[in-house]
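Asks: Just the structure for this:
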Amino acid sequence: MRKLVFVAFWAVMSVAVVALVTLPISLRTQLIAGLFVLSVMMILKSISAEGIWRLISLAFGTAIVMRYVYWRTTSTLPPVNQLEDFIPGLLLYLAEMYSVMMLAISLFVVALPLPAKPSRAEAQREDWDNLPTVDVFIPTYNEDSDLLAKTIAASVSMDYPADKFKVWLLDDGGSVQKRNSTKITDAHAAEARYVELKKLAEDLGAIYITRERNEHAKAGNLNNALAHSSGDLIAVFDADHAPARDFLLETVGYFQEEDKLFLVQTPHFFLNPDPLERNLQTFEKMPSENEMFYGIIQRGLDKWNASFFCGSAAVLSRKALAETDGFSGISITEDCETALALHGKGWKSIYIDKPLIAGLQPATFASFIGQRSRWAQGMMQILRYRFPPLKRGLSLPQRLCYMSSTLFWLFPFPRAIFLVAPLFYLFFDLEIFTASGGEFMAYTLTYMVVNLIMQNYLYGAFRWPWISELYEYVQTVHLLPAVISVILHPSKPTFKVTAKDESISTSRLSEISTPFFIIFAVLLVAVFVTIYRVYTEPFKADVTLVVGGWNLLNLIMAGAALGVVSERGERQITRRIKVSRRCEFQFGEQWLPGTIEDVSVYGVRIVLYGHEASAAKVNDLSGVRFKTYFDQEQHILPMNIRNVQTLGETTAIGCLFAPQEPLHQKLIADLVFADSSQWTQFQLSRRGNPGLLKGTVRFFGLALFQTYRGLVYLARSSRPAKPVAAKAAR
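Replies: Predicted structure coming up:
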């Protein structure tokens with residue numbers, strides 16, 4: 001009876017909402033209603049309303065969105081008999097409906113995400129003897145030994161019973177197939193890699209494994225290791241993802257409480273900025289792109305038992321994987337595909353919102369686009385081959401969650417349409433959106449502002465205004481053909497390893513930057529066309545100004561993108577993380593007490609009290625002595641002095657690590673990766689919601705400067721190279 005009453009209540013409410021949305025009202029009334037809703041949402045947002053008030057605010061916004069959809073559907077489409085207007089008009093309408101659909105699904109997923117789970121490490125230490133056995137897999141293909149050494153060293157140093165976990169290096173770059181290649185240079189390189197990595201693994205206490213043939217890419221590599229191991233659980237770390245000491249203690253306990261649990265996923269934290277963060281210089285100031293996904297969306301998915309495997313920084317159940325014959329490999333995104341298969345079989349997942357690994361992300365714009373192309377194509381393959389909406393075994397909320405995760409990657413289509421739509425009117429006088437300037441103000445502009453407020457409400461501390469649009473725009477230009485390709489030929493894409501450990505020594509334009517300058521030039525021409533048409537056609541000035549304003553907004557976005565593709569030279573690959581750790585610095589025969597203030601994977605900054613250390617010389621070999629987390633003993637890590645700076649009573653010394661034996665790699669891992677709390681502190685330091693108005697002003701200022709910077713880079717790249725002899729003469 002209660003269920004029937006509940007259904008009846010929602011049926012009545014739905015009818016009432018539809019009646020309100022379709023109620024015929026004047027343009028003035030619509031504008032007043034829109035301004036009222038905006039005011040209510042802003043007031044609720046300003047008082048940081050949560051719980052039911054948060055839902056009320058989002059409900060007000062949803063009403064405006066629905067009102068816009070009704071008006072847009074019934075009053076703005078061009079006549080069907082005018083195909084030159086109707087076809088582009090219909091494409092624009094479908095692009096807007098896609099955006100509305102994704103907003104609706106997003107509201108369902110993240111309106112009230114689960115709170116972050118408390119730490120479990122201490123409780124697990126008390127249950128030390130009953131912990132399950134774990135196999136730690138580190139798949140690798142072409143990563144160099146120095147990068148792998150840090151990941152292996154951090155993995156073997158995790159806080160866990162030594163007899164209950166094994167670390168496996170899964171090398172697909174030294175397979176028998178590659179060592180027997182008909183190309184002698186490739187065979188020689190594979191043989192050298194095989195010998196080097198096998199010794200590296202043995203020296204650091206890991207197990208090296210390779211296979212006969214490179215089949216099914218990463219999924220095949222993982223499945224080969226499954227066949228050779230026997231642990232209850234499987235932890236997976238990408239080659240550049242080094243875990244903190246408490247990774248296993250924070251994750252494995254959930255499997256002891258829930259027998260049908262197949263996955264515990266943790267966020268991906270990165271030590272280096274992505275190309276947008278580096279080139280716009282926002283890494284230390286603004287939340288990273290992935291924080292919106294891992295900080296909000298995954299917690300929302302977790303609420304509906306739909307948090308999925310992200311390829312790394314996760315623990316999986318061997319018993320669950322046995323039901324799917326291991327990791328799925330039909331698509332090139334084996335992680336999400338595997339999770340979808342196991343969710344369909346009734347298994348559960350859990351997400352822990354605490355960074356427990358630190359990794360590297362693509363540094364160059366080209367590598368960034370290559371990575372996103374693989375993600376987009378893989379999700380399209382899942383949509384094509386698995387089709388989550390009709391996947392047997394999924395609950396309705398899970399279907400909606402997987403629809404959100406896969407359909408998101410269709411964004412290049414609407415983003416491209418929004419980019420070119422104003423040009424149809426400005427260049428060709430096509431009326432693809434039949435509305436007056438007043439109607440645009442009352443409906444479209446109100447809808448846009450409400451949409452921005454809702455996004456800021458949901459993601460404010462994790463994604464600042466307009467940044468998502470910039471990320472989508474810079475990806476659209478190259479992802480659009482990639483997505484079209486996989487839709488037409490779903491079996492064509494192959495797994496490509498993302499480049500890691502890159503650096504850009506000199507400032508330059510990205511090798512794939514040309515389309516962005518062409519688009520910017522076209523949009524700039526459209527600005528002058530707008531001015532011309534307002535002057536020559538004053539009777540259409542209201543519509544022309546509206547369309548011209550839309551084009552100007554696109555131009556601002558395109559200008560910001562010029563800064564993204566203008567690669568800043570930066571020698572250091574990773575940024576330093578602030579720490580505070582006591583140590584002793586070697587100075588001749590003395591050991592001077594000091595504090596390690598910050599670390600990176602390549603070096604440290606040590607502050608010493610007193611003047612003795614000010615006599616240290618650059619390039620001298622020295623050492624630092626400190627107590628490690630993994631054995632609570634003091635060890636010496638050799639380093640080269642790179643700079644010495646005297647600051648009053650203190651001396652700051654910058655050093656580069658100079659590892660000479662396997663233990664030194666463990667010491668580096670202990671300094672950089674052992675303490676996960678430092679990553680949480682860094683994330684929190686750059687979070688903060690600037691608000692819609694302040695965030696918009698900040699973005700427009702950034703876009704203006706990046707437009708200038710991009711044009712300067714273009715001018716420099718257009719200059720003829722100066723003769724080498726002339727340089728030598730100077």
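
Asks: The chain - how does it break down into domains?
Replies: 127-266+289-354, 577-683 (automatic domain parsing).

Asks: closest to L480 out of those domains?
Replies: domain 127-266+289-354 (18.1 Å; CB to CB). The way it works is simple: take the backbone N, C-alpha and C, and place the C-beta from them, glycine included.

Asks: In contact with the residue minimising distance to the centre of the chain, which residues?
Replies: The residue lying closest to the centre of the chain (CA atoms, centre = their mean) is N290, at 2.9 Å. Residues in contact with N290, defined by CB atoms under 8 Å, 6 or more residues apart in numbering, are 267-268, 270, 361.

Asks: go on, L200?
Replies: Contacts of L200 by CB under 8 Å, 6+ apart are 145, 148-149, 152, 169, 208.

Asks: try 10 Å this time
Replies: Under the criterion of CB atoms under 10 Å, 6 or more residues apart in numbering, the neighbours of L200 are 145-146, 148-149, 152-153, 169, 171, 206, 208, 662, 665.

Asks: Which among the domains of the chain is found nearest to I382?
Replies: Going by CB to CB, the one of those nearest I382 is domain 127-266+289-354, 5.1 Å.

Asks: per-residue confidence averaged over that closest one?
Replies: Taken as a whole, domain 127-266+289-354 carries a mean pLDDT of 94.

Asks: And it, end to end?
Replies: The straight-line separation of the ends of domain 127-266+289-354 (CA to CA, to the nearest Å) is 21 Å.

Asks: Count residues in the vicinity of F108, would you?
Replies: F108 has 16 neighbouring residues, counting by other CB atoms under 10 Å.

Asks: Break down the stretch 51-200 of the chain into its strands, ranges please.
Replies: With strands called from DSSP state E, counting those that start in this stretch, the stretch 51-200 of the chain shows them at 134-140, 165-171.

Asks: need those in a markdown table with mean neighbour count and distance to W464, can you?
Replies: Listed next are the strands of the stretch 51-200 of the chain as a markdown table, based on neighbours: other CB atoms under 10 Å; distance: least, CB to CB, whole Å:
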| stretch | mean neighbour count | distance to W464 |
| --- | --- | --- |
| strand 134-140 | 25 | 34 |
| strand 165-171 | 24 | 39 |
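
Asks: mind putting these in JSON lines, distance to K578 included?
Replies: Shown next, in JSON lines, are the strands of the stretch 51-200 of the chain (distance: least, CB to CB, whole Å):
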{"stretch": "strand 134-140", "distance to K578": "27"}
{"stretch": "strand 165-171", "distance to K578": "29"}
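
Asks: closest to T406 out of the ones you listed?
Replies: strand 134-140 (23.7 Å).

Asks: That closest one to strand 165-171, inter-axis angle?
Replies: Relative orientation of strand 134-140 and strand 165-171, computed by axes from the mean of the first three to the mean of the last three CA atoms, to 10 degrees: 20 degrees.

Asks: ok now strand 134-140, how far from the chain's centre?
Replies: Remark: strand 134-140 is offset 22 Å from the chain centroid, using CA atoms, centre = their mean, to the nearest Å.

Asks: And stretch 135-143, by the same measure?
Replies: 21 Å.

Asks: what's the weakest-modelled helix or strand in the chain?
Replies: helix 724-729 (a mean of 40; mean pLDDT, DSSP states H and E).

Asks: S436 and V252, how far apart?
Replies: For S436, the distance to V252 (CB to CB, to the nearest Å) stands at 63 Å.

Asks: who are the neighbours in contact with L647?
Replies: So L647 contacts 607, 614 (CB under 10 Å, 6+ apart).

Asks: Could you give the backbone dihedrals for it?
Replies: phi -130, psi 90 (degrees, to the nearest 10).

Asks: coming back round to it: out of S436 and V252, which sits in the busier spot?
Replies: V252 (23 against 12).

Asks: Surely the more buried one touches L131?
Replies: Yes - with contact defined as CB atoms under 10 Å, V252 counts as touching L131 (6.2 Å).

Asks: Show me whatever sits in contact with both of those two.
Replies: In contact with both V252 and L131: 124, 160, 164-165, 232-233, using CB under 10 Å, 6+ apart.

Asks: how about JSON lines for the residues you listed, with distance to T406 added?
Replies: Listed next are those as JSON lines, based on distance: CB to CB, whole Å:
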{"residue": "Q124", "distance to T406": "35"}
{"residue": "Y160", "distance to T406": "35"}
{"residue": "K164", "distance to T406": "37"}
{"residue": "F165", "distance to T406": "34"}
{"residue": "D232", "distance to T406": "31"}
{"residue": "L233", "distance to T406": "27"}
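
Asks: Any of those residues buried? List them.
Replies: Buried members of the shared contacts of V252 and L131, scored by 16 or more other CB atoms under 10 Å, are 124, 160, 164-165, 232-233.

Asks: The residues you listed in helices, which ones?
Replies: Here DSSP state H is the test, and the buried ones among the shared contacts of V252 and L131 give Q124 as lying in helices.

Asks: Quick one: residues contacting the closest residue to L555 other than its chain neighbours.
Replies: Distances taken as CB to CB, 6 or more residues apart in numbering put L523 closest to L555, at 4.3 Å, once the chain neighbours are dropped. Applying CB under 10 Å, 6+ apart to L523 gives the contacts 419-420, 422-423, 426, 551-559.

Asks: Identify, from the residues you listed, the entry nearest to T628.
Replies: For these, the residue nearest T628 by CB to CB is M557; the value is 48.5 Å.

Asks: Excluding chain neighbours, what is closest to L671?
Replies: The nearest residue in space to L671 (CB to CB, 6+ apart) is V599, at 5.1 Å.

Asks: Compare the contacts of L200 and tell me which is most surrounded.
Replies: If you count neighbours using other CB under 10 Å, the busiest of the contacts of L200 is I152, which has 32 neighbours.

Asks: Quick check: the nearest residue to A613 once chain neighbours are set aside vs S600, distance?
Replies: Excluding its sequence neighbours, the residue lying closest to A613 (CB to CB, 6+ apart) is T651, at 4.3 Å. Distance, T651 to S600, using CB to CB: 20 Å.

Asks: Out of those two, name the residue with the larger neighbour count.
Replies: In terms of neighbours (other CB under 10 Å), T651 is the more surrounded of T651 and S600; the figures are 24 against 20.

Asks: Helix, strand, or coil at that one?
Replies: Following DSSP: H, G, I helix; E, B strand; the rest coil, T651 is assigned to strand.

Asks: wait, what's in contact with it?
Replies: 585, 587, 592, 594, 606-616, 644-645 are the contacts of T651 under CB under 10 Å, 6+ apart.

Asks: For it, name its beta-bridge partners.
Replies: Going by DSSP bridges, T651 is paired in beta bridges with L608, T646.

Asks: Retrieve the pLDDT associated with it.
Replies: T651 is given a pLDDT of 89.

Asks: Could you report the separation of F630 from L200?
Replies: Distance, F630 to L200, by CB to CB: 18 Å.

Asks: repeat for I105
Replies: Distance from I105 to L200, by CB to CB: 45 Å.

Asks: Ok, P78 next?
Replies: 65 Å.

Asks: got the contact list for V477?
Replies: 369, 412, 415-416, 419, 512-516, 518-519, 558, 561, 565.

Asks: on that earlier part again, quick check: bridge partners of the residue nearest to L671?
Replies: I577, V604.
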